[in-house]
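Trainee: Need a 3D model of the following:
(chains A and B)
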Amino acid sequence: MPFTDTVRERLSADAREIMARYPEPRSALLPMLHLMQSEEGFVSGDGIALCAELLGLSTAEVSAVATFYSQFKRRPNGDYTIGVCTNTLCAIMGGDAIFSALQKHLGLGDGETTPDGKITLERVECNAGCDYAPVVMANWEFFDNQTPQSAKALADGLRLGEDIAPTRGASKVCTFKEISRVLAGFSDGRADEGVGAGPATLRGTELARERGWTAPSAPATAPTTTGEQEG
Amino acid sequence: MATTLTPILSEFWDEPESWTLRTYESHGGYQALRTALARKPEEIVDLVKASGLRGRGGAGFPAGLKWSFLPAPDGGPRYLVVNADESEPGTCKDIPLLMASPQTLLEGMVIACYAIRAERAFVYLRGEVVHVYRRLLRALEEARGAGYVGRNILGSGFDLEIVMHAGAGAYICGEETALLDSLEGRRGQPRLKPPFPAVAGLYSRPTVVNNVESIASVPSIVHNGPDWFQDMGTERSTGFGLFSLSGHVKRPGQYEAPLGITLRELLDMAGGLRDGNELKFWTPGGSSTPLFTAEHLDVPLDFESVAAAGSMLGTRALQIFDHTTCVVRAVLRWMEFYQHESCGKCTPCREGTYWMTQVLRSLEAGEGSPEDLDKLLDVCDNVLGRSFCPLGDGATSCVTSSLQYFRDEYLSHLTHGGCPFDPMESTLFAGASA
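Mentor: Next comes the predicted model:
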């Protein structure tokens, strides 16, 4: 559905704000596509056309970019994407079992969305949380050390519209549109929510403290000149 | 003497609200920036050079040398771009660092930009970690509010603007020239080098691209001096780094230690493998580094020793697999990843990863023939070293190394008519009722 004039103006104003962050406006394209997803829940033909118009590109050039990146959806996405890491380590630690349990539970194939438009299920690649394997991402928030049961409970809760807190993230999983706006570079005021680090992140820090291990102390005379440094 | 941990970056990650500027300053944050601003930019480049700091993103190129490759200022823009696209399977150090302590990166960026005379910098964060992006946006806001970023930083006359940029899901953008194309609003495809980014990078201008952990290490080096840094690690692999243990270990996580520590020492700290299980294979630095086995437990984890033993230090992503794991399944999954993430620009990588996936699938299903193993090696020969970037090279590592150590296991799939392993046994919840 084409944008109404009001929506178009609002999106254009936000897009111009993004473009102003960069020395060259085309650098704004990825965040602008996130912005389009924040409006429609996916990147539509209208979203492509608006980006193209604002940046002085052809729609083919914008489509080429939009189809390259896995986070940009070309079909309406659910309110919540549940992404199960099935890259090697997570798959072996249980990601495969979690994904097949969710497939059966939700009746979805990879990349499909429930008929009520709530949940999109997909396999995701390594998301840099390997020390918390198996990892499930809900709208790109971390759910660590998952099991088939916990992942099904997560899906059910999100489907029922419950507020669910990720293991490491904001105080609740926001909608796909909401997080897309954040990824376009517009803060949602939730940065101070959640933990700084989960237990695996802190393993070394805590072990060192327990055993009294520290980094070497700085030399009594902090560096004043580099001239003394030989090769 | 046994190696011990050296918490530097990770020192205060367990503080409440570790990510705030206040916490960072209470641990000496931004003292190094003051030290740096009191000196000449080229002195900072020399200091980082003297420390021997090598890139922490996998390749291990000396950071100070990279900075010194920038041509002399010509009045036009120069850029620093921080690679926060952490996506190499097994690699999980930059994301927790940024979640726990984004100010460490910001201070490093301001110092680095001062050193290379850049007035614009970017952080290219992978888009799939929304909370980390929130923390970066907030950290920048706080740093700007305190005068650490912006115009005339701390009265020095030095100006710097930083942009936090979220990517949109593409492993290839961790390759520095693909990252630059992506940051320019294009498909993330690697460029032919030379020219290197130092000469023609972002918008064809001189650009330094550094990994998060490399830049985050800079404040401690400036504060404590290059000798302090060199006293840790080995002669040619100086300093400390985050070692990320994952998989079948009792206490997986981040362990910050001098380079040269061994997996045996790290496993000891991490409580060893799951009860009663034996180490089967592991990656020293992510999925693109050739597999190691139990015979490599005492290889010092520094650039030289790991290379001499036939692999690469990479990102110190130590993925540990015990004897319940099927190596063919592991390799197939990695190959599916490389096939999915190959950008398609270079034929050997695009086609090679596709065909190897097909061959591995049939092998895992117990179909195919013993000749397929040689076919895999032949395809690897035709992929390795034949593309613009190292993605294709990385895809061959797990194939050639697994065939080197576990050829019989491939063959057993054929005699068994499928995978002889029970996949449930390797899960975290093995033994619990399904």
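
Trainee: Quick check: which ranges of chain A have low pLDDT?
Mentor: In the predicted model, chain A carries pLDDT under 70 at residues A:221-231.

Trainee: Name the residue closest to the centre of it, please.
Mentor: Most central in chain A under Cα atoms, centre = their mean is A:W140, positioned 3.3 Å from the mean C-alpha point.

Trainee: Could you tell me which residues make contact with that one?
Mentor: By Cβ atoms under 8 Å, 6 or more residues apart in numbering or on different chains, the residues touching A:W140 are A:T81, A:G83, A:I179, B:G127, B:E128, B:V129, B:V130. To be clear about C-beta, it is placed using only N, CA and C from the backbone, and glycine gets the same treatment.

Trainee: cool, and B:A166?
Mentor: Contacts of B:A166 (Cβ under 8 Å, 6+ apart): A:L30, A:P31, A:H34, A:L183, A:A184, A:G185, B:L125, B:R126, B:G127, B:Y133.

Trainee: one more time with 6 Å, if that's ok
Mentor: Contacts for B:A166 (Cβ atoms under 6 Å, 6 or more residues apart in numbering or on different chains) come out as A:L183, B:L125, B:G127, B:Y133.

Trainee: Distance of the residue nearest to the centre of chain A relative to A:E162?
Mentor: Distance from A:W140 to A:E162, counting by Cβ to Cβ, to the nearest Å: 19 Å.

Trainee: Filter the contacts of B:A166 down to just the ones in helices.
Mentor: A:L183, B:Y133 (DSSP state H).

Trainee: Quick one: the contacts of B:A166 as a markdown table, columns for neighbour count and distance to B:G239 too.
Mentor: Below are these laid out as a markdown table (neighbours: other Cβ atoms under 10 Å in any protein chain shown; distance: Cβ to Cβ, whole Å):
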| residue | neighbour count | distance to B:G239 |
| --- | --- | --- |
| A:L183 | 27 | 33 |
| B:L125 | 27 | 24 |
| B:G127 | 27 | 30 |
| B:Y133 | 27 | 28 |
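
Trainee: I'd like the contacts of B:A166 written out as CSV, with distance to A:C90 added.
Mentor: Below are the contacts of B:A166 laid out as CSV (distance: Cβ to Cβ, whole Å):
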residue, distance to A:C90
A:L183, 23
B:L125, 21
B:G127, 19
B:Y133, 22
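
Trainee: Spell out which two among the contacts of B:A166 are the most distant pair, please.
Mentor: A:L183 and B:L125 (9.4 Å; Cβ to Cβ).

Trainee: Show me where the chain has its strands.
Mentor: Went with chain A since none was named. Ranges of strands in chain A, per DSSP state E, are A:80-85, A:119-124, A:136-138, A:141-143.

Trainee: if you could check chain B rather than the one you did, that'd help
Mentor: B:79-84, B:120-125, B:161-166, B:207-211, B:240-247, B:253-258, B:279-283, B:317-322.

Trainee: Give the other helices and strands that the second one contacts.
Mentor: Packing contacts for strand B:120-125, counted by 3 or more Cβ pairs under 6 Å, 6 or more residues apart in numbering or on different chains; DSSP states H and E, involve strand B:79-84, strand B:161-166.

Trainee: quick one: which of the ones you listed is nearest B:C173?
Mentor: Nearest to B:C173, of the helices and strands packed on strand B:120-125 and by Cβ to Cβ, is strand B:79-84 at 8.6 Å.

Trainee: Specify the angle between that closest one and strand B:207-211 in degrees.
Mentor: 20 degrees (axes from the mean of the first three to the mean of the last three Cα atoms, to 10 degrees).

Trainee: does any part of the top helix by length along chain A sit near chain B?
Mentor: In chain A, taking DSSP H as the definition, the longest helix is helix A:5-19. No. Helix A:5-19 does not reach chain B (Cβ under 6 Å from any Cβ of the partner chain); its nearest approach is 10.0 Å.

Trainee: So the nearest residue to A:R159 once chain neighbours are set aside versus chain B, what's the distance?
Mentor: The shortest distance from A:R159 to any non-neighbouring residue, by Cβ to Cβ, 6 or more residues apart in numbering or on different chains, is to A:K118 (4.7 Å). A:K118 sits 19 Å away from chain B when distances are taken as Cβ to the nearest Cβ, to the nearest Å.

Trainee: Can you report how many residues neighbour A:K118?
Mentor: Residues near A:K118, counting by other Cβ atoms under 10 Å in any protein chain shown, number 17.

Trainee: same question, the one 5 residues further on
Mentor: For A:R123, the number of neighbouring residues by other Cβ under 10 Å comes to 19.

Trainee: The one 10 residues further on too?
Mentor: Using other Cβ under 10 Å as the criterion, A:A133 is surrounded by 30 other residues.
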